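Peer 1: sequence-free structure coming up:
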């Protein structure tokens with residue numbers, strides 16, 4: 001029986017970013033092959049495995065499952081609400097789908113628990129899902145008043161309110177500077193500490209008012225013809241980004257999953273990563289660049305296999321959505337897509 005076409009979410013708020021590009025990059029690794037297995041012990045007739053490390057609402061996974069009828073999906077997400085939405089979306093493929101409540105840096109444990117040594121494709125679509133952005137009670141958006149929560153995993157303990165009301169001025173300055181690249185980090189941190197002395201800051205609207213007052217008027221409202229504010233957009237944008245990253249330990253999790261995902265790929269396996277700000281993209285670029293470069297001395301005439309590259313890049317620089325997609329889906333505008341394919345067996349390179 002033909003599977004239903006559920007690759008497009010009927011709700012207007014969820015539009016998978018760079019969907020066609022993701023399918024084109026990963027689908028070649030998810031076809032059942034009868035060719036000799038490139039790695040000892042591998043069975044080419046085993047269903048190829050896609051791990052969607054950031055399942056979200058399941059748009060990318062649905063498209064890949066439809067395009068690759070032999071593929072099996074293991075979908076990870078830290079957000080239990082998103083998992084339930086994705087489960088309904090992927091119902092037509094239920095016999096090929098397993099959804100797991102996990103943070104993506106738990107990938108090695110997820111695979112080990114299932115006895116999986118190698119996978120054929122891995123996808124990371126970083127940042128917020130449409131569900132998290134559009135649910136006002138989650139507190140991610142500075143444009144909507146809501147409790148200061150920002151937890152992607154609602155079972156986690158730390159909230160944005162905890163950070164705002166308990167971190168020292170120095171700690172707040174650090175995370176605003178490192179995770180938000182906020183020019184006025186110290187001013188905003190000090191303003192937060194003064195404001196919370198009167199009463200805890202408990203909602204996004206309260207925090208936005210504090211930030212707005214802390215940022216110089218000239219930076220909030222640049223004169224016509226003047227350069228835009230270095231942080232870009234709304235004065236609260238980068239502070240909210242920094243708080244979200246801190247609450248969810250996003251960069252630590254990304255730094256952990258990238259080498260693990262590369263190591264899990266079979267020869268011919270592919271990885272694709274969508275990043276939405278420079279902090280994420282720099283990490284992705286570094287890991288894929290290092291794995292696609294040899295480590296032989298420059299004067300060595302022949303590169304020994306153990307010093308050769310593990311990956312070959314599939315994207316030249318970072319791919320970006322075209323103008324039509326950016327216009328139709330503003331949330332795609334900041335996306336950067338990088339991908340690579342494994343060309344050498346895992347563990348071949350010397351430590």
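Peer 2: In hand now; what should we look at? All values derive from a computational prediction rather than experimental measurement.
Peer 1: what distance do you get for the residue most central in space within the chain to residue 184?
Peer 2: Centroid-nearest residue in the chain: residue 126, 1.4 Å away (criterion: C-alpha atoms, centre = their mean). Relative to residue 184, residue 126 is positioned 26 Å away (C-beta to C-beta, to the nearest Å). Heads up, the C-betas are built off the backbone N, CA and C, glycines and all.
Peer 1: next: residue 252.
Peer 2: Counting by C-beta to C-beta - residue 252 and residue 184 are separated by 25 Å.
Peer 1: point out where the stretch 251-351 of the chain drops to low pLDDT.
Peer 2: 295-307, 347-351 (pLDDT under 70).
Peer 1: and the strands in the stretch 101-250 of the chain, which stretches?
Peer 2: Ranges of strands in the stretch 101-250 of the chain, per DSSP state E, counting those that start in this stretch, are 119-125.
Peer 1: poorly predicted segments of it, please.
Peer 2: Applying pLDDT under 70 to the stretch 101-250 of the chain flags the ranges 129-137, 220-232.
Peer 1: quick revisit: more neighbours, residue 252 and residue 184?
Peer 2: Between residue 252 and residue 184, counting by other C-beta atoms under 10 Å, residue 184 is the more crowded of the two (24 against 12).
Peer 1: so who does the residue nearest to the centre of the chain touch?
Peer 2: 54, 250, 254, 273, 274, 275, 276, 280 (C-beta atoms under 8 Å, 6 or more residues apart in numbering).
Peer 1: among those residues, which are located in helices?
Peer 2: Using DSSP state H, the subset of the contacts of residue 126 located in helices is 250, 254, 280.
Peer 1: which residues in the stretch 101-250 of the chain form helices?
Peer 2: For the stretch 101-250 of the chain, applying DSSP state H, counting those that start in this stretch gives helices covering 107-113, 130-134, 160-166, 169-180, 185-198, 204-214, 217-220, 237-248, 250-264.
Peer 1: closest to residue 291 among the ones in helices among the contacts of residue 126?
Peer 2: The closest of the ones in helices among the contacts of residue 126 to residue 291 turns out to be residue 254 (C-beta to C-beta; 15.1 Å).
Peer 1: residues touching the nearest residue to that closest one once chain neighbours are set aside, list them.
Peer 2: Among residues not flanking residue 254 along the chain, residue 283 sits closest, at 5.5 Å (C-beta to C-beta, 6 or more residues apart in numbering). Neighbouring residues of residue 283 by C-beta under 8 Å, 6+ apart: 251, 254, 255, 258.
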